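Peer 1: build me a model from this:
(2 chains)
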Amino acid sequence: MNGEIFGFSAARIFAMLRRHWYVLSGSWTRIVELIYWPAVQMIMWGFLTQFLAGKASFVAQAFGVFLAGMMLWDSLFRVQLGVAISFLEEMWARNLGNLFVSPLRPSEFAASVLLMGVLRALVGMIPVSLMAWWFFGFSLYEMGFALAAFFASLTLFGWALGIAVCGLIMRHGLGAESAAWGAMFLILPVAAVYYPVEVLPEWLQAIAWSLPPAYVFEGMRALLIDGVIRGDLLLRAFALNLLYLALGFAAFMGWFEAARRRGLLLGQGE
Amino acid sequence: MHRLPAENPVITVQGLTKHYGTAESPVVAVAGIDFTVPKGGVTALLGGNGAGKTTTIAMLLGLLKPTSGSISVLGTDMLRDRHRVLPRMNFSSPYVDLPHRLTVRQNLRVFAQLYAVPDAAARIERLARELDFVALLDRAFGALSAGQKTRVALAKALINEPELLLLDEPTASLDPDTADWVRSLLEHYRTERGATLLLASHNMAEVERLCQQVLMMKQGRIVDRGTPDELIARYGRNNLEEVFLDIARGQGKAAERIPA
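Peer 2: Residues are numbered from 1 along each chain as shown, chains lettered A, B, ... in the order given. Next up is the predicted model:
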């Protein structure tokens, strides 16, 4: 029925993508916003990088580390935020009741918001990465295959946190909305985006190494500073991502069922 | 008003219960109700605010998990296999809405795809003609008046030509003219498609006009049931509104028939 494989329908997922595409394509302000914040950050870090490059030989050698860190971090944040915003659009519209009495399954709904998270991140980050090339002569794409691996790994972690945030908001209502914007910044100090894990106190290092982004950003510095692709770091990041993704989905489904027990799917909204 | 045959009910509910709160101090929203909804007719859940109507409909749709009891819809156990039967049913409620930034056509297109409606564009055009909103198809849903939104919400509910339509207060907040128009449309849809309708309502005239079976609810229980004519005769009243008031206030024959 409806092109289903094991009860999972690509057509229903595309229906939800169509819904979000209608919103995005009909609102240039939303598209501008997707690009605006990463662009502002990129420009600020770009000038800082230029300034530092003239002051210290190490930093000059590592030109682009901050810019690349900023852009990859923003990709991670935008994926997670994109997932949460796609979910919040349904909450704001009081549309969850309509969706969950349709044949759309919770897993298909989750898949659609995850895909929207990636699409929103790409809409923002591709123009910004090209701007970095144009303004500062730094091309993220020179990282080649490693960039794809870094982006994939960060996307998986953004999905895990994003889908868990969706479950949290479904269970606790729009009062928990700020989690969509704040959740990722909780890990920023230990994600090793702009400095290596080794500068952290020992107890924080243990926390950092339990999070996939730390491996990705260490891997990024190894590539940009030493010219080495650290496959071991990438593999550990992917393994951890699978764990976090499983936990994120379990949290989403658990909170979805809790919302069904408490009658929260009907009528939640602004 | 004819009683509908009881065989092959579209909905069978047994011992349906919903409690909120803790086990020590539960709030009883629905208290072990049993009923069937016969095929091809219109059944009403009638009761005051907090009687349990919306809670019952939410459990029938699977939006709310019952504390106990069983629900069979179109021969399917809704608590185990709701996704098998959801393509054959639909609903409309004032408690849900459609995305305001999407146009009417875009909203209906999304739901047509979710319900795997063949030739969605033609189906949307036809619904727009039947529900008289062709001129609104390319307007943002959020820019419509309450009456226009109700018509579009009804189109969403009919997009998959459901065999079973659940309607929560279908004419709430509509002016009398639009409300009457909606009732005519629902009657037409039922006779044309042989569909079954279950509606929750406060509107007695609506229930008298549309329904073959009325389930009177009070404090989470079904306290009486029958055709509108049977209920009016049973309580020695002139219309369903008087019956409703007797039951709600525990007066007249309701004081003897229904324990407080």
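Peer 1: which residues of chain A score low on pLDDT?
Peer 2: A:1-3, A:56-63, A:267-270 (pLDDT under 70).
Peer 1: repeat the analysis, applying 80 as the threshold.
Peer 2: Along chain A, the parts satisfying pLDDT under 80 run over A:1-7, A:49-63, A:266-270.
Peer 1: once you drop chain neighbours, what's closest to residue 150?
Peer 2: Assuming you mean chain A. A:Val216 (5.1 Å; C-beta to C-beta, 6 or more residues apart in numbering or on different chains). Every residue, glycine included, has its C-beta placed from N, CA and C.
Peer 1: hmm, I had chain B in mind actually
Peer 2: What sits nearest to B:Thr150 in space, not counting adjacent residues and going by C-beta to C-beta, 6+ apart, is B:Leu174, at 5.8 Å.
Peer 1: follow-up on the earlier one: tell me the contacts of the residue nearest to A:Phe150?
Peer 2: Counting by C-beta atoms under 8 Å, 6 or more residues apart in numbering or on different chains, A:Val216 touches A:Leu72, A:Phe150, A:Ser153, A:Leu154, A:Leu233, A:Leu234, A:Ala237.
Peer 1: where does the last one sit: helix, strand or coil?
Peer 2: Recorded secondary structure, A:Ala237: helix (DSSP: H, G, I helix; E, B strand; the rest coil).
Peer 1: try B:Leu199
Peer 2: Secondary structure of B:Leu199, per three-state DSSP, is strand.
Peer 1: neighbours of the closest residue to it other than its chain neighbours, how many?
Peer 2: If the residues on either side of it in the chain are set aside, B:Leu199 comes closest to B:Leu167, at 4.2 Å by C-beta to C-beta, 6+ apart. A count of nearby residues for B:Leu167, using other C-beta atoms under 10 Å in any protein chain shown, gives 24.
Peer 1: any idea what B:Leu167 is bridged to?
Peer 2: Per DSSP bridges, the residues bridged to B:Leu167 are B:Ser92, B:Leu199.
Peer 1: quick check: it touching B:Pro94?
Peer 2: No - with contact defined as C-beta atoms under 8 Å, B:Leu167 does not count as touching B:Pro94 (10.1 Å).
Peer 1: for A:Trp21, grab the count of nearby residues.
Peer 2: For A:Trp21, the neighbour count with other C-beta under 10 Å is 14.
Peer 1: what about the strands in chain B?
Peer 2: Ranges of strands in chain B, per DSSP state E, are B:11-21, B:26-37, B:42-46, B:68-73, B:76-77, B:89-92, B:164-168, B:196-201, B:213-218, B:221-226.
Peer 1: mind checking which of the ones you listed is nearest A:Ile35?
Peer 2: strand B:89-92 (38.7 Å; C-beta to C-beta).
Peer 1: list the contacts of that closest one.
Peer 2: A:101-102, B:57, B:61, B:73-74, B:115, B:153-154, B:156-160, B:162-168, B:170.
Peer 1: chain A contacts on chain B?
Peer 2: Residues of chain B found near chain A (C-beta under 8 Å from any C-beta of the partner chain) are B:20, B:54-55, B:58, B:61-65, B:83, B:86-87, B:89-91, B:93, B:95-103, B:106, B:109-111, B:113-116, B:156.
Peer 1: residue 64 - nearest residue in space that isn't next to it in sequence?
Peer 2: Going with chain A. Going by C-beta to C-beta, 6+ apart, A:Gly64 has A:Phe138 as its nearest residue, at 4.5 Å.
Peer 1: actually chain B
Peer 2: In space, and not counting its chain neighbours, B:Leu64 is closest to B:Ala58: 3.9 Å by C-beta to C-beta, 6+ apart.
Peer 1: what sits against that neighbour?
Peer 2: A:Gly263, A:Leu265, A:Leu266, B:Leu64.
Peer 1: B:Leu127: which of the residues you listed is nearest?
Peer 2: The closest of the contacts of B:Ala58, once distances to B:Leu127 are taken by C-beta to C-beta, is A:Leu266, at 24.0 Å.
Peer 1: whichever residue of the stretch 151-260 of chain B sits closest to chain A: how many residues sit nearby?
Peer 2: With C-beta to the nearest C-beta, the shortest gap between the stretch 151-260 of chain B and chain A falls at B:Lys156, namely 6.8 Å. A count of nearby residues for B:Lys156, using other C-beta under 10 Å, gives 25.
Peer 1: check contacts around it.
Peer 2: B:Lys156 sits next to A:Asn98, B:Asn90, B:Ser92, B:Leu98, B:Asn107, B:Leu108, B:Phe111 when contact means C-beta under 8 Å, 6+ apart.
Peer 1: surely the first one meets B:Asn107?
Peer 2: Meaning A:Asn98. No - contact between A:Asn98 and B:Asn107 fails when scored by C-beta under 8 Å: they sit 9.3 Å apart.
Peer 1: which residues are common contacts for these two?
Peer 2: With C-beta under 8 Å, 6+ apart as the test, A:Asn98 and B:Asn107 both reach B:Leu98, B:Lys156.
Peer 1: okay, now the unreliable bits of the stretch 51-200 of chain B?
Peer 2: Within the stretch 51-200 of chain B, the stretches with pLDDT under 80 are B:172-174.
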